[in-house]
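Take a look and give me a structure for this.
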Amino acid sequence: MTVRRAAPADYDAVAEMWRAFDHEVPPPVHEGPADVEEELAEVAEILASEIAFVAEDDGAPVGFALARRRTPTLGTLTDLFVVRDARRSGVGTELMRAVVAAFREEGIEQLDLEVLATNTVARSLYARWGLRDDVVVMAAPVADLEARLGRQEAASFGSIHIQTDDLSAVEQAVRQFVPGCPAARAARSSRRRGTGGPPSTTTSATATRRCCAGSRASSPTGWAPSRCSSASSARSSCA
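Numbers count the residues shown, from 1 in each chain. The predicted structure is shown next:
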């Protein structure tokens, strides 16, 4: 088995192996099927101007490696593939050695690559070579996330209108539900003039909500549900 630098004339052999690679290890589900024409165009570009190697056994291609420079000191291994019949014979290691040597000659100090989380065989091999996880890409269907997170309901507001002859008694009752809340004492009151009716008071949900928010620090969890639930007019806005 020999490893040599690949050239544009090797395109057909490399393209055939790439198709087998794509069939065996398809792209991540969230990316969808690979654009074969676009991918093979990149293969041709790397063969022409970047770093590419082919492994051969008795003149037959059994593997390939493609890599390219990303920055003056960073290179990426874009593809590494060995046909099934030649695996576990050191072909992949020899291809990787050739890429590393080429990077070193060009002054590239760091190498990275992408591998599917489910490709445990490749990940184990890369780990033995000394590569470590750097950036983890996490993905999930939006429908699944929405089901797990739930929908956020819009906040609602409400108020209680009480008609009474004794305003002080109503204020005292509100203070029992929301003790020590200055907002409760700010309940608006207005005497209906000319209607012949008794005075009325409006206790706003906004006032009660502010008090609920001010009471959160008293709970170890940051919320005081017992206080909020007592004020029936503010349950939805304090939730």
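
now the end-to-end length of stretch 75-92.
In stretch 75-92, first residue to last residue: 18 Å (CA to CA, to the nearest Å).

what residue ranges in this structure score low on pLDDT?
30, 153-158, 178-239 (pLDDT under 70).

Now do the strands in it.
Using DSSP state E, the strands found in the chain span residues 2-5, 51-57, 60-71, 74-82, 110-113, 159-163, 188-190, 200-204.

Figure out which of those is closest to residue 141.
Distance to residue 141, taken as CB to CB, is lowest for strand 110-113 among these, at 26.1 Å. (C-beta placed from N, C-alpha, C; glycine too.)

just to revisit the earlier point, highest average neighbour count across the strands of the chain?
Most buried of these by mean neighbour count (mean count of other CB atoms under 10 Å) is strand 51-57; its value is a mean of 22.

tell me the angle of that strand relative to strand 74-82?
Here the directions of strand 51-57 and strand 74-82 differ by 20 degrees (axes from the mean of the first three to the mean of the last three CA atoms, to 10 degrees).

what does strand 51-57 contact?
1-7, 10, 13-14, 46, 61-69, 75, 82, 86, 91, 94-95, 98-99, 102-103 (CB atoms under 8 Å, 6 or more residues apart in numbering).

how about 7 Å then?
If you take CB atoms under 7 Å, 6 or more residues apart in numbering as the criterion, strand 51-57 is touched by 1-6, 10, 13-14, 46, 61-68, 86, 91, 94-95, 98-99, 102.

That one pairs with which strands, parallel or anti?
strand 2-5 (antiparallel), strand 60-71 (antiparallel) (DSSP bridges).

Okay, helices next: where are they in this structure?
Applying DSSP state H to the chain gives helices spanning 11-24, 36-49, 91-105, 120-129, 142-149, 167-177, 205-214, 225-230, 235-238.

out of those, nearest to residue 136?
Taking CB to CB, helix 120-129 is the member of these nearest to residue 136, at 12.0 Å.

how about that closest one: buried residues?
Neighbour-count burial for helix 120-129 flags 125-126 (criterion: 16 or more other CB atoms under 10 Å).

Can you tell me what sits against that helix?
For helix 120-129, using CB under 7 Å, 6+ apart, the contacting residues are 92, 96, 115.

between the residues you listed, which is nearest residue 50?
Using CB to CB, residue 96 comes nearest to residue 50 of the contacts of helix 120-129, at 15.9 Å.

Spit out the contact partners of that closest one.
Residue 96 makes contact with 65, 80, 129, according to CB under 7 Å, 6+ apart.

partner residues bridging the closest residue to the second one other than its chain neighbours?
Take residue 80 and drop its neighbours on the chain: the residue closest to it by CB to CB, 6 or more residues apart in numbering is residue 65, 4.9 Å away. For residue 65, the beta-bridge assignment (DSSP bridges) gives partners residue 53, residue 80.
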